[in-house]
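S.K.: I'll drop the sequence and a predicted model, then ask my questions.
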Amino acid sequence: MRIYQEADYEAMSRRAANLISAEVIRNPACVLGLATGSTPVGTYRQLAAWNQRGDFSFREVRTVNLDEYKGLAPTHDQSYRYFMQENLFDHIDIDVANTNVPDGLAADPAVECRRYDALVRSLGYADLQLLGLGRNGHIGFNEPCDRFVKETHVVDLTDSTIDANARFFATRDDVPRQALTMGIGCIMSARRVLLIASGSDKTDAVYNAFCGPITPQCPASILQLHNDVVLVGDKAALRKLVEAGVPVCE
Ligand code: F6R
């Protein structure tokens, strides 16, 4: 595992964008696993700027997003499809037909989960999977629970996740209570995982994920078993890891 400690959010975003663009340049038809949330916004902004400058192209890239709220239409401004259009896809030369987000409006969510798993498998899994990290250690919407769920599934969001995401909605009551999320199996099948974390409210989660026991109570801790993980964090998010003596690159 490689850990990059960056000064702040901007530097974290640039480093992450750099690693993603290197993947696209090396393999122009790569499969990128993508995340939403506030952490990757700067990374996507940087990727879009480099793409618009002509440094590399997303024309052949395929993407699979981690998750989607159950019950939100792609046009809902808090849906993850909408987020991806707004923050990345509308600003780069990607073919939208090559982008995939679980369908939050599927009539039968269980069928949709099976379809999504089959799709990710048919693409050969992500060459590079970008992840954010929940304060409770979740990745995608794999919430702390008593087992690691391998497949794409419908999940009940925990109170802590609803609280954390309420900032994006008019009221806490508007936050959907369920989501469809890629399971741990798909995430662990990615060739490389790039986890990004920013801010002091992530320092415990980062520490637990990489220095704590491997347990489904901290879903990100499974990444300790992946053989190609890169963690990019700012100083605030990595503080506890660094204090514990874990070596980092700067
Ligand atoms: C969203 C996702 C989540 C977020 C996590 C952190 O697609 O996969 O696991 O990465 O909730 O969210 P932020 O970045 O908003 O702190």
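M.R.: Here it is on my side, so go on. Note that the structure is predicted; figures quoted are calculated from it, not measured.
S.K.: looking at the chain, which helix or strand is least sure?
M.R.: None of the helices or strands of the chain scores lower by mean pLDDT, DSSP states H and E than helix 159-165, at a mean of 91.
S.K.: just checking, what packs against that one?
M.R.: Contacting helix 159-165 under the criterion 3 or more CB pairs under 8 Å, 6 or more residues apart in numbering; DSSP states H and E is no other helix or strand. Just so you know, the C-beta spots here come from the backbone N, C-alpha and C atoms, and that holds for glycine as well.
S.K.: format the CA atom coordinates belonging to that helix as PDB.
M.R.: Extracted in PDB, the C-alpha atoms of helix 159-165 (Å, rounded to 0.1, in the frame of the first residue of the first chain):
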ATOM      1  CA  ASP A 159     -28.200   7.400  11.100                       C
ATOM      2  CA  SER A 160     -24.700   8.600  10.900                       C
ATOM      3  CA  THR A 161     -24.700   8.500   7.000                       C
ATOM      4  CA  ILE A 162     -28.100  10.200   6.900                       C
ATOM      5  CA  ASP A 163     -26.800  12.900   9.300                       C
ATOM      6  CA  ALA A 164     -23.600  13.400   7.200                       C
ATOM      7  CA  ASN A 165     -25.600  13.600   3.900                       C
END
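S.K.: any part of it near the ligand?
M.R.: No - with CB under 6 Å from any ligand atom as the measure, helix 159-165 is seen stopping short of the ligand, the closest distance being 6.5 Å.
S.K.: which of the residues in whichever helix or strand comes after that helix are buried?
M.R.: Of the helices and strands lying after helix 159-165 in sequence (DSSP states H and E), the nearest is strand 178-181. Within strand 178-181, the residues that qualify as buried are 179, 180, 181, counting by 16 or more other CB atoms under 10 Å.
S.K.: one more: stretch 43-57?
M.R.: For stretch 43-57, a neighbour-count test (16+ other CB under 10 Å) marks 43, 44, 45, 46, 47, 48, 50, 51, 56 as buried.
S.K.: what of stretch 98-114?
M.R.: Neighbour-count burial for stretch 98-114 [16+ other CB under 10 Å]: 98, 99, 100, 101, 102, 103, 104, 106, 109, 112, 113.
S.K.: pick out the most distant pair among the buried residues of stretch 43-57.
M.R.: Of all pairs drawn from those, the one with the longest distance (CB to CB) is 45 and 56, at 15.6 Å.
S.K.: and stretch 27-38, average pLDDT?
M.R.: The average pLDDT within stretch 27-38 is 98.
S.K.: send me stretch 239-250 as CSV with only the CA atoms.
M.R.: In CSV, the C-alpha atoms belonging to stretch 239-250 read as follows (Å, rounded to 0.1, in the frame of the first residue of the first chain):
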residue,chain,number,x,y,z
ARG,A,239,-3.0,12.9,11.3
LYS,A,240,-3.8,9.7,13.3
LEU,A,241,-2.0,7.4,10.9
VAL,A,242,1.1,9.5,10.9
GLU,A,243,1.1,9.8,14.7
ALA,A,244,0.9,6.0,14.8
GLY,A,245,4.2,5.9,12.8
VAL,A,246,2.8,4.7,9.5
PRO,A,247,5.2,5.8,6.7
VAL,A,248,3.8,8.2,4.1
CYS,A,249,5.2,9.7,0.9
GLU,A,250,5.0,13.5,0.7
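S.K.: can you list the neighbours in contact with that stretch?
M.R.: Residues outside stretch 239-250 that contact it (CB atoms under 8 Å, 6 or more residues apart in numbering) are 2-6, 200, 203-204, 206-207, 210-211, 233, 235, 238.
S.K.: off-centre distance for the longest helix along the chain?
M.R.: Longest helix of the chain, by residue count under DSSP state H: helix 9-26. In terms of CA atoms, centre = their mean, to the nearest Å, the centre of helix 9-26 is found 14 Å from the chain centre.
S.K.: does any part of it sit near the ligand?
M.R.: No - residues of helix 9-26 are not located near the ligand by CB under 6 Å from any ligand atom, the shortest gap being 10.8 Å.
S.K.: right, I'll leave it there.
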